[in-house]
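Student: Output the structure for:
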Amino acid sequence: MDPLTHAISGAALARAFPKEKLPARQLVLIILLAMAPDSDIVLRLISDPVYLQHHRGLTHSLLMLPLWGWLIFSLSSGQVKQNPAMPKLIGLALLLHISLDVITAYGTMLFAPLSDQRFSVDLLFIIDPLFSACLLIPLLASLIWKQQARRLGMVSFILAIAYLSLAYSNQQQAIALIKKAHPDAGSYHALPLAFSPFNWQLIAEYPDHYARAAVNLKPDFPGLRPLFDETFITTLLSTTIGDANQIVWQELPAMHTVTDMVQLPGTAFYAWFARFPVLLKQDKNAIDFGDLAFGGGAPGVHASFQLHIDLNNNLTNRSPASQPQAWLIWRADRKSELKQTAAPFNWLPDK
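Tutor: From the prediction side, this is the model:
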């Protein structure tokens, strides 16, 4: 979830939970704590791969939450410690952040450091202004009706839960469409897409390939599309998105079908990171992999987190001694070299 929504959720929590209005400094503290787990962004100062390896890890772990809560409370001022509501508020602010991240498709390591398994409920796109508005509008109203601030804080969460219920209902409709089109698939996944709670990516998983499509369950609902340029929209939404009666399916080979893949640099890391890794392109010079969860393979989408392997490292000297070189390609065409030859956390028993 984006930082602004985390901040808004912290403000709603600070309004709805305590019976007595919080002092301004304590209100700000709760807002900051609702954003605090994303402080792991500092790992990008080391390297992008290190950041991807540990993002939504220890700072987002349910196992570590009591330790973070105790540490924050211990370092807080005397006024914070004297407020009996603050210990619970601190824990709830951290838990709220984790919960909002879990309902997106990125994945959160809830049991780090004991496990690197990432959990996701796949209800919201990583940025969903409509969901954010459900939290924000009652808070803005509380600036006018100050005596109703606590009730309006509760309304923020009621509206947010109602929106999530709508998203869940839409997700189940999307999964039903996948099962109808691919009854023999091994598993089914519906991932939220941008601009509307009715936009979904459909994924049917087979042993050696994936079938994917994009659907708008309610084409008459414009969502946020009128607010954005069409060129920007197509970078996030597949150009083949249609209604439930006009679904266009693609088939993409799974990453593991590439011969001798495990001998290539970066592939172990990427296979660990990607939820639905697929082969996008392969020739004698390069191999490109993508992750369906981040738009890989979707027509028209400028996907992020793609893996490019240059099989001829030195393009001016294609001698047998040339070694393949792996690059992680970010959405803005920024790239980070991947030198890892093993998956992260391969020391864990379940790995």
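Student: Restricting to C-alpha, output stretch 24-43 in PDB.
Tutor: What follows is stretch 24-43, C-alpha atoms only, in PDB (Å, rounded to 0.1, in the frame of the first residue of the first chain):
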ATOM      1  CA  ALA A  24      -1.300  16.600  18.600                       C
ATOM      2  CA  ARG A  25       2.100  15.100  19.100                       C
ATOM      3  CA  GLN A  26       0.700  11.700  20.000                       C
ATOM      4  CA  LEU A  27      -1.600  11.900  16.900                       C
ATOM      5  CA  VAL A  28       1.400  12.600  14.700                       C
ATOM      6  CA  LEU A  29       3.300   9.700  16.400                       C
ATOM      7  CA  ILE A  30       0.500   7.200  15.500                       C
ATOM      8  CA  ILE A  31       0.400   8.500  11.900                       C
ATOM      9  CA  LEU A  32       4.200   8.000  11.600                       C
ATOM     10  CA  LEU A  33       4.000   4.600  13.100                       C
ATOM     11  CA  ALA A  34       1.400   3.600  10.600                       C
ATOM     12  CA  MET A  35       4.000   4.300   8.000                       C
ATOM     13  CA  ALA A  36       7.000   3.100  10.000                       C
ATOM     14  CA  PRO A  37       7.400  -0.500   8.700                       C
ATOM     15  CA  ASP A  38       8.300   0.900   5.200                       C
ATOM     16  CA  SER A  39      11.400   2.300   6.800                       C
ATOM     17  CA  ASP A  40      13.100  -0.700   5.300                       C
ATOM     18  CA  ILE A  41      13.400   1.400   2.100                       C
ATOM     19  CA  VAL A  42      16.800   2.500   3.600                       C
ATOM     20  CA  LEU A  43      18.100  -0.900   2.300                       C
END
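Student: Flag every buried residue along the longest helix seen in the chain.
Tutor: Secondary structure assigned by DSSP state H gives helix 149-181 as the longest helix of the chain. The neighbour-count check on helix 149-181 (16 or more other C-beta atoms under 10 Å) flags 149-150, 152-157, 159-160, 163-164, 167, 170-171, 173-175, 177-178 as buried. C-betas here are computed from N, CA, C, even on glycine.
Student: quick one: the strands in the stretch 251-351 of the chain?
Tutor: Assignment of strands within the stretch 251-351 of the chain using DSSP state E, counting those that start in this stretch yields the ranges 277-282, 286-291, 306-310, 325-329, 335-338.
Student: Nearest to G91, out of these?
Tutor: Of all the strands of the stretch 251-351 of the chain, it is strand 286-291 that lies closest to G91, at 33.2 Å by C-beta to C-beta.
Student: same for the closest one, what does it pack against?
Tutor: Secondary structure elements in contact with strand 286-291, counted by 3 or more C-beta pairs under 8 Å, 6 or more residues apart in numbering; DSSP states H and E, are helix 267-273, strand 277-282, strand 306-310.
Student: mind putting those in TSV, mean neighbour count, distance to T5 and mean pLDDT included?
Tutor: Converted to TSV, these look like this (neighbours: other C-beta atoms under 10 Å; distance: least, C-beta to C-beta, whole Å; pLDDT from 0 to 100):
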stretch	mean neighbour count	distance to T5	mean pLDDT
helix 267-273	22	24	92
strand 277-282	18	28	96
strand 306-310	22	26	94
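Student: any idea which element the residue nearest to the spatial centre of the chain lies in?
Tutor: Centre of the chain computed as the mean C-alpha position; nearest residue by C-alpha atoms, centre = their mean is Y106, 2.6 Å away. Of the helices and strands defined by DSSP states H and E, none includes Y106.
Student: Now do the closest residue to L292 other than its chain neighbours against A211, distance only.
Tutor: If you skip the residues right next to it in sequence, L292 has F276 as its closest partner in space, 3.7 Å away by C-beta to C-beta, 6 or more residues apart in numbering. In this structure, F276 and A211 are separated by 11 Å, where distance is defined by C-beta to C-beta, to the nearest Å.
Student: cool, L307 as well?
Tutor: 21 Å.
Student: now L22
Tutor: As defined by C-beta to C-beta, L22 lies at a distance of 51 Å from A211.
Student: Same question for W200.
Tutor: Taking C-beta to C-beta as the measure, W200 falls 14 Å from A211.
Student: These two: which is more packed in?
Tutor: Using other C-beta atoms under 10 Å as the criterion, W200 and A211 rank with W200 on top: 28 against 17.
Student: related to what we said a few turns ago, need the strands of the stretch 251-351 of the chain in JSON lines with distance to F111, can you?
Tutor: As requested, the strands of the stretch 251-351 of the chain are arranged in JSON lines below (distance: least, C-beta to C-beta, whole Å):
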{"stretch": "strand 277-282", "distance to F111": "23"}
{"stretch": "strand 286-291", "distance to F111": "22"}
{"stretch": "strand 306-310", "distance to F111": "26"}
{"stretch": "strand 325-329", "distance to F111": "25"}
{"stretch": "strand 335-338", "distance to F111": "25"}
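Student: Among those strands, which comes closest to F345?
Tutor: Using C-beta to C-beta as the criterion, the shortest distance between F345 and the strands of the stretch 251-351 of the chain is 15.8 Å, found for strand 335-338.
Student: Any chance you could list what contacts the closest one?
Tutor: Defining contact as C-beta atoms under 8 Å, 6 or more residues apart in numbering, one finds that strand 335-338 is touched by 47-49, 265-266, 269-270, 307-308, 325-330.
Student: Noted, bye for now.
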